[in-house]
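> Predicted coordinates and the sequence they were generated for:
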Amino acid sequence: MNYYFALVHKDGDSAYGVSFPDMPSVFSASDEEQDLTGNAIEALRLWAEDSALPVPSSHEQILSREDVRRELALGAFLIRVPFIADSTHTVRANVTFDKGMLDAIDTVAKQRGLTRSAFLASCARKEIEAA
C-alpha cells in the first residue's frame, strides 16, 4: 500500500480543493472537511484506472518543493492519502473468528447481497482508508 501527500486549499466560501504534488493533473474537491480523504482516495482510484501512479514522494521530498512551500505559506495544508492498488489476483486466506461474530458477518453480508469474503474485504478497505 502506498501513501500520497495531497495539498488541501480552501478560499473563503469555496469548497476544499485537493491537489497532488506528485500528479498535477489529479484533483478532487469536497464541501465538508470530513470528506477530504475519501474524495482524494476516489480521485487516485479513478486516475489509476487509466494511468500508472508514480512512486510516492517522501514527506521530506514534498516539503523541499518550492511550489508546495508556497502553497503551505498561503494557508494550504497536507494530508496523507492511502492508496490500495486493485489487483486481479486473489488469494485464499484462513482466518479465525468467534462463532457469534462469524454468524453476524454472514447475516449482514447476505442482507447486502455479498459473499463473506467481499463483505470482509469491503470492511477492511474502509478501515484502512479511514485511518
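In hand now; what should we look at? Numbering: from 1, shown residues only.

> Every contact and neighbour count from this point should use C-alpha atoms.
Noted.

> who's in contact with S57?
Applying Cα atoms under 8 Å, 6 or more residues apart in numbering to S57 gives the contacts Y4, F5, D22.

> now these in CSV, with neighbour count and secondary structure?
Formatted as CSV, the contacts of S57 follow (neighbours: other Cα atoms under 10 Å; DSSP: H, G, I helix; E, B strand; the rest coil):
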residue, neighbour count, secondary structure
Y4, 25, strand
F5, 20, strand
D22, 16, coil
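
> how close does the residue lying farthest from the centre of the chain get to R116?
Most distant residue from the mean C-alpha position of the chain: K99, 31.7 Å away (Cα atoms, centre = their mean). Here the criterion is Cα to Cα, to the nearest Å. By it, K99 lies 14 Å from R116.

> list the contacts for the spatially most central residue of the chain?
Centroid-nearest residue in the chain, with Cα atoms, centre = their mean: I41, separated by 3.1 Å. I41 sits next to V81, P82, F83, E129 when contact means Cα under 8 Å, 6+ apart.

> mind redoing it with 10 Å?
Neighbour list for I41: Y3, Y4, S28, W47, V81, P82, F83, I84, E129 [criterion: Cα atoms under 10 Å, 6 or more residues apart in numbering].

> same deal with D103?
Counted by Cα under 10 Å, 6+ apart, D103 has contacts F97, A109.

> Could you check how many residues crowd around A29?
For A29, the neighbour count with other Cα atoms under 10 Å is 21.
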